[in-house]
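would you be able to build a 3D model of this:
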Amino acid sequence: QVQLVESGGGLAQPGGSLRLSCATSGFTFSMYHMSWVRQAPGKGLEWVAGVYADGSEIYYSDSVKGRFTISRDNAKDMLYLQMDSLKPDDTAMYYCAKAVERGVRATYGDPAAWYWGQGTQVTVSS
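Numbering: from 1, shown residues only. Down below sits the predicted model:
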């Protein structure tokens, strides 16, 4: 059974940092394209970062480029998102997501191509 369990969310001040973690199980983590997706209240899904199975081909949305860093540890089956210089606009539920198909570069923005966890709330406010 595939499990994606996010942690590390919470309240941060503008300019602050948070590190999200995603513990995975139930699949061969090293074979899957992974990403972080967020959804702000009243808004649609936004793929903010992604990393291919072998750690290559890292993607960032324009809204987080230069502030967020995605990484993965294939030995520990873990995905991370380091978020620095946080802004109030970063307030959202953040989801860890895995590609539905093994070994495939899944399409960012296509919900059907991804499977994701329950999410962790990030709130940026003074």
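
return the helix or strand in this structure with minimum mean pLDDT.
Least confident helix or strand of the chain, by mean pLDDT, DSSP states H and E, is strand 114-116 with a mean of 94.

what lies in contact with the next helix or strand after it?
Next in sequence after strand 114-116, counting helices and strands by DSSP states H and E, comes strand 120-124. With contact meaning Cβ atoms under 8 Å, 6 or more residues apart in numbering, strand 120-124 is reached by 6-14, 16, 18, 20, 38, 83, 86-94. C-beta here means a position set from N, CA and C on the backbone, and glycine is covered the same way.

one more time with 10 Å
Identification of contacts with strand 120-124 by Cβ atoms under 10 Å, 6 or more residues apart in numbering yields 5-16, 18, 20-22, 38, 40, 81, 83, 86-96.

and the buried ones among those, selectable in PyMOL?
Remark: buried members of the contacts of strand 120-124, expressed as a PyMOL selection using 16 or more other Cβ atoms under 10 Å:
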select buried, resi 6+8+9+12+18+20+21+22+38+81+83+86+90+91+92+93+94+95+96
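
quick one on the thing from earlier: direction included, what does the least confident helix or strand of the chain pair up with?
strand 92-99 (antiparallel) (DSSP bridges).

you'd agree Val51 is up against Ile70?
Yes: contact status for Val51 versus Ile70: in contact at 5.1 Å, counting by Cβ atoms under 10 Å.

shared neighbours, the two?
With Cβ under 10 Å, 6+ apart as the test, Val51 and Ile70 both reach 34-36, 58-59, 79-80.

just the ones of those residues in strands?
Those of those mapping onto strands are 34-36, 59, 79-80, per DSSP state E.

just flag the most distant two among these.
Checked with Cβ to Cβ, those reach their widest spread between Tyr59 and Tyr80, with 15.0 Å between them.

contacts only, for the most centrally placed residue in the chain.
Nearest to the mean C-alpha position of the chain, counting by Cα atoms, centre = their mean, stands Trp36 at 1.8 Å. Going by Cβ under 10 Å, 6+ apart, Trp36 touches 6, 20, 22, 46-51, 60-61, 64, 68, 70, 79-81, 83, 94-97, 116.
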